[in-house]
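Asks: My questions are about this predicted structure, shown below with the sequence.
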Amino acid sequence: MTWVILTGRQNDLDQVATPHKIITNRDYLAHPALFRGQRPKVINLSNNYGYQSRGYYASLLAGSRGHKVIPTVETMIDLSERKLYEHALPELELALNKCRKDLGGTFPSKVAVFFGIGPSKVWDKFTKLLFDWFRAPALEVHIKDSAEWASIRKIGFLPLARMTDEEEASFLQCLENYTNREWRDTKGRTPARYTFATLVDPHEELPPSEISSLRYWARIAEKMGVEVEPITRKDLAKLANYDALFIRETTSISNHTYRFARRAQQEGMPVIDDPLSMIRCTNKVYLNELMTYNKVPVPPTVMIAGTSDFELAAQTLGFPLVLKIPDSSFSRGVKKCENLAELTKLATEWLEDSDLLIAQKFIPTEYDWRVGVLGGQPLFAVHYLMAKKHWQIVNHKANGKPDQGGIKTFTLKETPPHVVETAVKAARCIGDGLYGVDLKETKDGVFVIEVNDNPNLDHGWEDSGEKDELWVRLTQWFLERLERPGR
């Protein structure tokens, strides 16, 4: 990877201070052919980021040249006036005040933050959040402290020209840390054209992909000029160092996975799962309305908004019926009700946390079809068998680990065409990413039960039908979007 450091003047930074290429913003602007054919990461250390200044234009034109740059012009504009970043202050001040005890009860009047790193580790919660909001190489935060609460008076850029010798030494160390990657072992490898980040949680009980499967994908992607590196939730600040993001944690719009997806989208990176797909797939109320509107077959459904709907659901669907919390995953928040008393008890309890619930006709089958769809085209097809002595593919026991049913694999050619066609139609209603469509096949036809935005992909399981072609197509999906003209 090529790192390029832009400075306002030639002597702002000693050429031996960093192994990376250092040029002035004037030279960068004057020579658009520089780094042609490369995709450098640009760190803009101009002394002035004002609107239409050289520093501003350097970041603006970096985007048009396909170069990743910090800070972006959006960050420059955000920090140009307090009223443009006021919305960030409540969250930042809350994080700042959590540092008070570790700082001995008082704050300095200002603090320098370099690439999300403060003067010491006790600042970490605040400085990492600051870098999450405003990705800039060097920031200076002015603090107004009182006995009970510290507030932020101003957030501004800290140019090299205003740094003390001590601050510059700290800045250079942080620069080195920022530009060095974790997990990179390029010994003996062909230099990669692109590097993809894969967001994982090594401790997740039911991850969408096992680490061993992601390593398998990495070996295939390497042959296509792609390096795959794992990242975790603590690496949001480093996300822009990569070219694409593949999220392999269970997604939720209320946790860090959504923030990673949003950041990737803001950086112009191809991402699976994208934020809109997360929003659409996470909510079963929305999915049911969307499928119905687009004439995709779904089980008979009743929306429950209050106690008056209990009887309607019972009369319309009969018993047993399936009650669902709109936002749930891995069969959690999905229960079978055998009679009106069970429905009343469970729905009353769940309505305390959700204003809407979904009740659906119970369709018993020995398996669910899962059809993977990528970029609007079928990717794989499998049967997920029901867990032993259970009506779902995952049985979340009160004690112990969840019990999962088995899997039966098929090639796409072996899969009934009407199953594949229905799955593809459902996925295209959501977007252009990667989806797992769950369907039930009955004598009355095929019904879409759910569309998942981060379906399981594991070597020896979902790829058994299409073999390595599945991983090649996954890699190609990202490459096609990275190499589109005018990107």
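Replies: Here it is on my side, so go on.

Asks: Looking at per-residue confidence, what score does residue 61 get?
Replies: We have a pLDDT of 87 for residue 61.

Asks: Now do the helices in the stretch 301-450 of the chain.
Replies: 308-317, 340-350, 417-430 (DSSP state H, counting those that start in this stretch).

Asks: Quick one, which of the ones you listed gets closest to residue 122.
Replies: helix 340-350 (41.7 Å; CB to CB). Every C-beta, even on glycine, is put in place using the N, C-alpha and C of the backbone.

Asks: so how far is that closest one from its chain's centroid?
Replies: On the basis of CA atoms, centre = their mean, to the nearest Å, helix 340-350 is displaced by 35 Å from the centre of the chain it belongs to.

Asks: Then stretch 224-242?
Replies: Stretch 224-242 has its C-alpha centroid displaced from the chain centroid by 11 Å (CA atoms, centre = their mean).

Asks: I'd like the average pLDDT over it.
Replies: 89.

Asks: coming back round to it: is it possible to get CSV of the helices of the stretch 301-450 of the chain that adds mean pLDDT?
Replies: Output for these, formatted as CSV (pLDDT from 0 to 100):
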stretch, mean pLDDT
helix 308-317, 92
helix 340-350, 92
helix 417-430, 96
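
Asks: Please work out how many residues are found near the closest residue to residue 209 other than its chain neighbours.
Replies: Nearest non-adjacent residue to residue 209, counting by CB to CB, 6 or more residues apart in numbering: residue 248, 4.6 Å away. Using other CB atoms under 10 Å, residue 248 has 25 other residues around it.

Asks: and of the helices of the stretch 301-450 of the chain, who's closest to residue 472?
Replies: Taking those one by one with CB to CB, helix 417-430 is closest: 19.5 Å.

Asks: Could you export the helices of the stretch 301-450 of the chain as TSV, including distance to residue 100?
Replies: Output for those, formatted as TSV (distance: least, CB to CB, whole Å):
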stretch	distance to residue 100
helix 308-317	49
helix 340-350	39
helix 417-430	45
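
Asks: Single out the most deeply packed of the ones you listed.
Replies: Among the helices of the stretch 301-450 of the chain, helix 417-430 has the highest mean neighbour count (mean count of other CB atoms under 10 Å), at a mean of 19.

Asks: and it, what does it pack onto?
Replies: The helices and strands touching helix 417-430, judged by 3 or more CB pairs under 8 Å, 6 or more residues apart in numbering; DSSP states H and E, are helix 275-282, helix 284-293, strand 367-374, strand 377-385, strand 434-442, strand 445-452.

Asks: Residue 414: which of these is closest?
Replies: Among the helices and strands packed on helix 417-430, strand 377-385 sits nearest to residue 414 (CB to CB), with 7.7 Å.

Asks: residue ranges with poor pLDDT in this structure?
Replies: Within the chain, the segments meeting pLDDT under 70 span 1, 181-192, 328-332, 387-405, 485-487.

Asks: Look up how far residue 309 lies from the residue of it positioned farthest from its centre.
Replies: Distance from the centre of the chain peaks at residue 315, with 41.5 Å (CA atoms, centre = their mean). Going from residue 315 to residue 309 by CB to CB, to the nearest Å gives 11 Å.

Asks: Pull the contacting residues for residue 78.
Replies: Contacts here follow CB atoms under 8 Å, 6 or more residues apart in numbering; on that basis residue 78 touches 84-85, 134.

Asks: of these, buried ones?
Replies: 85, 134 (16 or more other CB atoms under 10 Å).

Asks: Filter the contacts of residue 78 down to just the ones in helices.
Replies: Members of the contacts of residue 78 lying in helices (criterion: DSSP state H): 84-85.

Asks: and residue 197, what element?
Replies: strand 194-199 (DSSP states H and E).

Asks: Show me what the following helix or strand past that strand is in contact with.
Replies: Tracing the chain C-terminally past strand 194-199 and defining elements by DSSP H and E, one meets helix 211-223 next. Under the contact criterion CB under 8 Å, 6+ apart, helix 211-223 has outside partners 189-190, 192, 196, 198, 200, 202, 227-228, 230, 248, 457-460, 468, 471-472, 474-475.

Asks: hmm, try it at 6 Å
Replies: Residues from elsewhere that reach helix 211-223 (CB atoms under 6 Å, 6 or more residues apart in numbering): 198, 228, 458-459, 468, 471, 475.

Asks: what's the angle from it to strand 194-199?
Replies: Inter-element angle recorded for helix 211-223 and strand 194-199: 170 degrees (by axes from the mean of the first three to the mean of the last three CA atoms, to 10 degrees).

Asks: Could you check how many residues crowd around residue 477?
Replies: 21.

Asks: For it, give me its contacts.
Replies: 374-375.

Asks: And it, which helix or strand is it part of?
Replies: helix 469-482.

Asks: Tell me the buried residues in that helix?
Replies: 470-475, 477-479, 481-482.

Asks: which helices and strands sit right next to the strand holding residue 197?
Replies: Helices and strands touching strand 194-199, by 3 or more CB pairs under 6 Å, 6 or more residues apart in numbering; DSSP states H and E, are strand 226-231, strand 244-247.

Asks: Make CSV out of the ones you listed and add mean neighbour count and distance to residue 447.
Replies: Formatted as CSV, the helices and strands packed on strand 194-199 follow (neighbours: other CB atoms under 10 Å; distance: least, CB to CB, whole Å):
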stretch, mean neighbour count, distance to residue 447
strand 226-231, 21, 36
strand 244-247, 25, 28
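
Asks: now these in CSV, with distance to residue 166?
Replies: CSV is the format used below for the helices and strands packed on strand 194-199 (distance: least, CB to CB, whole Å):
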stretch, distance to residue 166
strand 226-231, 31
strand 244-247, 36
